[in-house]
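Engineer: Quick one: sequence plus predicted model below, questions after.
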2 protein chains.
Amino acid sequence: MSDERHTPLADRTPFPDDIDERLRAQLTFLVEVDQLKTVLRQSPLAAADRRENDAEHSWHLAMMVVVLAEHSDRPFDVGHTVQLVLLHDLVEIYAGDTPLYDSAAGVDQRAREVAAADELFTLLPADQAQRMRALWDEFEERRTPEARFAKAMDRLQPLLLNWMARGGTWRTPGVTADDVRARKAVIGDASASLWEAGRRLIDEGEARGWSRSAEPEA
Amino acid sequence: MSDERHTPLADRTPFPDDIDERLRAQLTFLVEVDQLKTVLRQSPLAAADRRENDAEHSWHLAMMVVVLAEHSDRPFDVGHTVQLVLLHDLVEIYAGDTPLYDSAAGVDQRAREVAAADELFTLLPADQAQRMRALWDEFEERRTPEARFAKAMDRLQPLLLNWMARGGTWRTPGVTADDVRARKAVIGDASASLWEAGRRLIDEGEARGWSRSAEPEA
Ligand SMILES: [Ca+2]
């Protein structure tokens, strides 16, 4: 990790000085996060032949929270959960996307993402930086019903895209259907019915040869 | 307008029949809305040399609601407003994007979008279709503080992108700085301070030659 800070995107076309300083900080942050639209994920879109980016993914999760809320096993706050998913991947603007099935990149993922959060959120006025960081910590710690449901959406959404692609990232070399089940099981921490459906899609995908069954022991 | 319905995207890879019917309807809708990621807008991204799509735009508006909430002139519900912006452009999946400065396309825009809403939302279970439609109507009617703030974000976001692009769609042939001011003035229905800043950017853009000043009367 380097100590160098990124030059904010807004510095390319600075806002006039006479705009209130607090609002200027907020606008600078809002321009900076435009970069989420350029962070590519592994998942293929259902609607087009290209990979998804983090902004599209985050929007899709938010829609899923609204539409699938009734499946939560616990009462939870939909508006708060939507905020969690909207910002859960912002750190990837500086830290990059870490593919779910890439264990090597996973090793220093947490450290890279914390450094990114420190840098990105402090573009905001201090009180908002603190609040944004608290929301991201809440998502990462996965202790509240809201954070668990948000995480479940984060795992269910690419599962839907992989289903539509008849494999998608399930076909990653070295990945088996059991790996997929293990990575997706957290859906069950939020919703028994959604995990039942998710498992059904994984099982059916395996049966159709869209993912690799584990080799029998030699 | 034709009476033909679109074949849902999910029909390409139907979900197994033994998934609960209500959940299957919800998943079918959630796959269908993947198409929002393919509806291109006129606005150029700040972070890359390409146009923005509706899913990215909707995500960006939602972030703006969260970050700029304090600028609202009236108390309002942030979580509810985020839901309005998440779904405000869904009808464009079938109806297409209507550029702000294209008055010809604006003529039958409302009829095309209502037909699209009827078709798209009814992929959901009836109670949810009704609720989604009510949210979209609320956004369109612009009467609640939530709908006004949502609309303000919808007008402020491309203004930020045009500022970053040093012109962007302000350079559309036939469009003057006064046209931009007229189209953006609804920001002031939600927030005096945001409209003051928005007007400042439009004025400064005009002064720098990024938009066309009106011709003096002959
Ligand atoms: Ca991620």
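Structural biologist: That came through, no problem.
Engineer: CA atoms for contacts and neighbours, from now on please.
Structural biologist: Fine.
Engineer: is it true that residue A:90 lies in a strand?
Structural biologist: No. Counting by DSSP: H, G, I helix; E, B strand; the rest coil, residue A:90 is not part of a strand but coil.
Engineer: For chain B, what is the nearest residue in chain A?
Structural biologist: Nearest residue of chain A to chain B: residue A:79, at 4.1 Å (C-alpha to the nearest C-alpha).
Engineer: Give me the helices and strands touching the host helix or strand of that residue, please.
Structural biologist: Per DSSP states H and E, residue A:79 falls inside helix A:78-87. Packing partners of helix A:78-87 (3 or more C-alpha pairs under 8 Å, 6 or more residues apart in numbering or on different chains; DSSP states H and E): helix A:54-68, helix A:126-141, helix A:145-164, helix B:54-68, helix B:78-87.
Engineer: what is the mean pLDDT for that helix?
Structural biologist: The pLDDT scores in helix A:78-87 average 97.
Engineer: follow-up on the earlier one: okay, the helices and strands packed on helix A:78-87 in TSV with mean neighbour count and distance to residue B:138 next?
Structural biologist: What follows is those, written out as TSV (neighbours: other C-alpha atoms under 10 Å in any protein chain shown; distance: least, C-alpha to C-alpha, whole Å):
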stretch	mean neighbour count	distance to residue B:138
helix A:54-68	24	16
helix A:126-141	16	28
helix A:145-164	24	26
helix B:54-68	24	16
helix B:78-87	24	8
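Engineer: got the contact list for the lowest-mean-pLDDT helix or strand in chain A?
Structural biologist: Least confident helix or strand, chain A: helix A:103-106 with a mean of 74, by mean pLDDT, DSSP states H and E. Here helix A:103-106 makes contact (C-alpha atoms under 8 Å, 6 or more residues apart in numbering or on different chains) with A:98-99.
Engineer: Could the C-alpha coordinates of it be exported in CSV?
Structural biologist: C-alpha atoms of helix A:103-106 as CSV (Å, rounded to 0.1, in the frame of the first residue of the first chain):
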residue,chain,number,x,y,z
SER,A,103,-8.4,-16.4,-2.9
ALA,A,104,-5.0,-14.9,-3.6
ALA,A,105,-6.4,-11.4,-4.1
GLY,A,106,-8.5,-11.9,-1.0
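Engineer: I figured residue A:195 hits residue A:185, correct?
Structural biologist: Yes. Because the distance of 7.1 Å satisfies C-alpha atoms under 8 Å, residue A:195 is recorded as touching residue A:185.
Engineer: the more surrounded of these two?
Structural biologist: residue A:195 (21 against 17; other C-alpha atoms under 10 Å in any protein chain shown).
Engineer: so where is chain A shaky, pLDDT-wise?
Structural biologist: Along chain A, the parts satisfying pLDDT under 70 run over A:1-3, A:216-218.
Engineer: list the helices and strands the biggest strand by length in it packs on?
Structural biologist: Using DSSP state E, we find that the single longest strand of chain A is strand A:40-44. Judged by 3+ C-alpha pairs under 8 Å, 6+ apart, the packing partners of strand A:40-44 are strand A:51-53, helix A:145-164.
Engineer: Take these and write them to JSON lines, including distance to chain B.
Structural biologist: Listed next are the helices and strands packed on strand A:40-44 as JSON lines, based on distance: least, C-alpha to the nearest C-alpha, whole Å:
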{"stretch": "strand A:51-53", "distance to chain B": "9"}
{"stretch": "helix A:145-164", "distance to chain B": "6"}
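Engineer: got those as JSON lines, with distance to residue B:150 columns?
Structural biologist: Listed next are these as JSON lines, based on distance: least, C-alpha to C-alpha, whole Å:
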{"stretch": "strand A:51-53", "distance to residue B:150": "24"}
{"stretch": "helix A:145-164", "distance to residue B:150": "23"}
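Engineer: for these, which one sits closest to residue A:191?
Structural biologist: helix A:145-164 (7.7 Å; C-alpha to C-alpha).
Engineer: That closest one: what's the following helix or strand?
Structural biologist: helix A:177-184.
Engineer: Which positions in whatever helix or strand comes next after that following helix come out as buried?
Structural biologist: The helix or strand immediately downstream of helix A:177-184 is helix A:192-207, counting by DSSP H and E. Across helix A:192-207, burial judged by 16 or more other C-alpha atoms under 10 Å in any protein chain shown covers A:193-195, A:197-206.
Engineer: Between helix A:145-164 and helix A:192-207, find me the angle.
Structural biologist: 20 degrees (axes from the mean of the first three to the mean of the last three C-alpha atoms, to 10 degrees).
Engineer: and helix A:192-207, is it in reach of chain B?
Structural biologist: Yes. Shown here: helix A:192-207 in contact with chain B (C-alpha under 8 Å from any C-alpha of the partner chain) through A:197, A:200-201.
Engineer: Who are the packing partners of that helix?
Structural biologist: helix A:145-164, helix A:177-184.
Engineer: That one to helix A:54-68, inter-axis angle?
Structural biologist: Going by the same axes, to 10 degrees, helix A:192-207 makes 120 degrees with helix A:54-68.
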